[in-house]
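A.B. asks: any chance you could fold what I've pasted below:
(3 chains)
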Amino acid sequence: MAKNFSEMTWKEFGLAFMVTNPGCSAEYRTGDWRSQRPIADKSKCIKCGVCYLSCPDGAINLAADGTYDFDYDHCKGCGICATECWTGCISMVEEEN
Amino acid sequence: MAKKIGIEVSLAISEAVKLADVDAIAAYPITPQTHIVEHLSELVADGDLNAEFIPVESEHSAMSVCAGTSAAGARTYTATSSQGLALMNEILFIIPALRLPVVMTLANRSLSGPISIWNDHSDLMSVRDTGWISIFAENGQEAFDLTLQSFKIAEDHRVMLPINVNIDGFTLSHVIEPHEFLSQEEVDSFLPPYDPPLQLNPDKPVSMGMVGIPEIYFEAKKAQDVALIESKAVIKEVFQEFGEKFGRTYNVIESYRAEDAETLLLTMGSIGETAMEAIDIMKDEQGKKVGLLRLRLWRPFPVDELRELVKGIKTLAVIDRAVSFGGTGAPVGGEIRSALYSTEDRPYVASFIAGLGGRDVTIKDFMDMVNLAEKMETEQEVHEYKMIGVRE
Amino acid sequence: MIEVRIHGRGGQGGVTSAEMLAIAAISEGKYAQAFPSFGPERRGAPVIAFARVSDTKIRNRTKVYAPDIVVVLDPSVMKIVDVEEGLKEDGLLVINSGKSIDELRQEFGFKTAIAKVDATRIAMEELGLPITNTTMLGALVKGKEVISLDSLVAPLEKRFGRIAARNIKAMQRAYKETIVAGKES
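C.D. replies: Numbering: from 1, shown residues only, chains lettered A, B, ... in the order given. Next up is the predicted model:
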């Protein structure tokens, strides 16, 4: 990741403070914001993709076998996927545990 | 030398915009600016100008569209006046912050109320701190020339800031007078196509207008301020290049017969030409030691040039065309006092307000102001500002 | 420098008269200005327009306060407006009227030189409309040759398109029919 902007002088920012490396928000590990994490019992997964569609952070990715994996670097633990899952294969567990 | 053409100043500006081959125009009609964009819409409709003319439902939208087209890399132009400018206010701050080189003609008109369509500078002064470069033209030829030069200045990669070119509403916008146009080849040899350093382009995406959290906002404003201050060097460079190419040279402050002067008048806008007549009469017929400064560049304010030009001057009479209600000086007068405060041997600064809402400022008015300023200097009169030509 | 003030009523084309005069002068290599008395356009209300013509650059941008020439497009305006206001002593009044110069002097007390033509009659015959702005340009040039009459042809052609020929004819007729009388001693 580039230099922390809170340490940069006014001269170090580019023209009009534009962001010129698209998708760079992926560099921020928002997974640290999580207090609960989703886990999946893949034996119940019907590959419907509703978890993938409902994730507000794009932190659920399609796996090679057609099921879905969690991107724990960016998942904030909101629990929407667990609520929306048809078959109840997703459950939320405390990060502390 | 090209033949002079008798044409309305508004139409001459439209021709300059056409010669600059703009890509996008978004505007809403408002007196006294209307003839400019009306003519541009005709040029686009007739196929004489290959540009998008985007009619909008308000000036707020006009300036918003300008932000979009300029961000997409299009050479962008608009024009407005008075209440229209006021309605643009929110977006006026965004354009320089995004470093978008929009060029706008401002046909200066007073702000309501009372409702007035006539000329003064209250509209520009109400947006003084938006971060635009502000340039004044005194006649149609200057309006034509400065419009072309503005695109070059604004789009210079060292600048990348919007410019408003100010012409006095009616007093210039609606006057037919001689103009010397440049040919398309001449303009092309001076003004290269716009080459945006960054633009909205799906093949190479960027994010513009990011949030400025407290850790960034201050640095963003510092960078913007430095860009505006440093644009002065490029402005002078472009003025010089234009002069060398076409024989009409511009300065950030124009000086007229100021040699040996003890008293200087300082004007901004088209009254400067009438003031020259007054200076000639006072010098040639009355033997008075007077001269004239005409402020062309209002933002960035040419502090160094001003300090140099008033060295050894006893009295400086500054004429404003706007009021800063309840302030310590009129907009230009107060600015000049501030610029000279830290200099040694500074002249006495008399701050006058004249010609509000279309009131004529006559040759006699200028002579009266010189005499009054000299009297005030002799008496070292303490004052904030005086209104000249108002019925007491 | 010659300074001109034109009196008419909104919609009669006084501003166009001033503009044609300035454009013609500039085409002759002179300096010129033309501008309306700035404000909202009001059809029928008495309005004025200004022009300046000079051999040197014109810098004064105020209204014309002491005209050399005053043009009156509509005779009825003389009853409600002091058309002589500020007119120089050796100035010229260019009047559209069906009356004689003597009658005008008697009725309004005009002392300056007068160029007079019945422009309304000419306009009705040539244009079919009582719009006298182009017709009166002929009278103006007859009264004082600020510019040559021929210089007005091109600007009129450009402005009036398919009705230009009739306007030019009206202007030329007015030039021939205008009677000029010197200042009263």
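A.B. asks: tell me which element the closest residue in space to residue A:8 that isn't next to it in sequence falls in.
C.D. replies: Distances taken as C-beta to C-beta, 6 or more residues apart in numbering or on different chains put residue B:219 closest to residue A:8, at 7.1 Å, once the chain neighbours are dropped. C-beta: built from backbone N, CA, C; applies to glycine. In the assignment (DSSP states H and E), residue B:219 maps to helix B:214-246.
A.B. asks: counting by contacts, list what that helix packs against.
C.D. replies: Applying 3 or more C-beta pairs under 8 Å, 6 or more residues apart in numbering or on different chains; DSSP states H and E, we find helix B:214-246 packed against helix B:82-97, strand B:133-136, helix B:140-155, helix B:184-190, strand B:297-299.
A.B. asks: adding mean neighbour count, mean pLDDT and distance to chain C, write the ones you listed out as CSV.
C.D. replies: CSV is the format used below for these (neighbours: other C-beta atoms under 10 Å in any protein chain shown; pLDDT from 0 to 100; distance: least, C-beta to the nearest C-beta, whole Å):
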stretch, mean neighbour count, mean pLDDT, distance to chain C
helix B:82-97, 21, 98, 14
strand B:133-136, 25, 98, 14
helix B:140-155, 25, 98, 10
helix B:184-190, 14, 98, 21
strand B:297-299, 22, 98, 19
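A.B. asks: helices of chain C, start to end?
C.D. replies: Secondary structure of chain C by DSSP state H: the helices cover C:14-27, C:101-108, C:119-126, C:133-143, C:153-160, C:164-177.
A.B. asks: where's the residue in chain A positioned nearest to chain C relative to residue B:132, distance?
C.D. replies: Per C-beta to the nearest C-beta, residue A:16 is where chain A lies closest to chain C, at 39.3 Å. Using C-beta to C-beta, to the nearest Å, residue A:16 is found at 15 Å from residue B:132.
A.B. asks: what sits closest to residue B:30 if chain neighbours are left out?
C.D. replies: Excluding the flanking residues, the one nearest residue B:30 by C-beta to C-beta, 6+ apart is residue B:84, at 4.0 Å.
A.B. asks: which residues does the residue positioned nearest the centre of chain B bridge with?
C.D. replies: For chain B, residue B:135 is the residue whose C-alpha lies nearest the centre (C-alpha atoms, centre = their mean; 2.7 Å). Bridge pairing for residue B:135 (DSSP bridges) gives the partners residue B:165, residue B:297.
A.B. asks: flag the shaky bits of chain C, pLDDT-wise.
C.D. replies: For chain C, applying pLDDT under 70 flags the ranges C:39-41.
A.B. asks: write out the residues of chain A neighbouring chain B.
C.D. replies: Counting by C-beta under 8 Å from any C-beta of the partner chain, the positions of chain A adjacent to chain B are A:5-6, A:8-11, A:13-20, A:22.
A.B. asks: re the thing from before, most tightly surrounded among the helices of chain C?
C.D. replies: Mean neighbour count (mean count of other C-beta atoms under 10 Å in any protein chain shown) peaks for helix C:133-143 among those, with a mean of 28.
A.B. asks: now the angle from that helix to helix C:119-126?
C.D. replies: 120 degrees (axes from the mean of the first three to the mean of the last three C-alpha atoms, to 10 degrees).
A.B. asks: which helices and strands does helix C:133-143 pack with?
C.D. replies: Using 3+ C-beta pairs under 8 Å, 6+ apart, helix C:133-143 sits against helix C:14-27, strand C:69-72, strand C:92-96, strand C:113-117, helix C:119-126, helix C:164-177.
A.B. asks: make CSV from those and add distance to chain A to it.
C.D. replies: Formatted as CSV, the helices and strands packed on helix C:133-143 follow (distance: least, C-beta to the nearest C-beta, whole Å):
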stretch, distance to chain A
helix C:14-27, 44
strand C:69-72, 56
strand C:92-96, 60
strand C:113-117, 64
helix C:119-126, 61
helix C:164-177, 53
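A.B. asks: could you export the ones you listed as a markdown table, including distance to residue B:199?
C.D. replies: Below are the helices and strands packed on helix C:133-143 laid out as a markdown table (distance: least, C-beta to C-beta, whole Å):
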| stretch | distance to residue B:199 |
| --- | --- |
| helix C:14-27 | 42 |
| strand C:69-72 | 55 |
| strand C:92-96 | 59 |
| strand C:113-117 | 63 |
| helix C:119-126 | 57 |
| helix C:164-177 | 48 |
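A.B. asks: where exactly do the strands run in chain A?
C.D. replies: Applying DSSP state E to chain A gives strands spanning A:36-40, A:60-62, A:68-70, A:90-94.
A.B. asks: show me where the chain has helices.
C.D. replies: This is for chain A. Under DSSP H, chain A gives helices at A:50-54, A:80-84.
A.B. asks: not quite, I wanted chain B
C.D. replies: With DSSP H as the criterion, chain B has helices at B:9-19, B:34-45, B:59-71, B:82-97, B:122-126, B:140-155, B:184-190, B:214-246, B:271-284, B:303-309, B:331-340, B:363-378.
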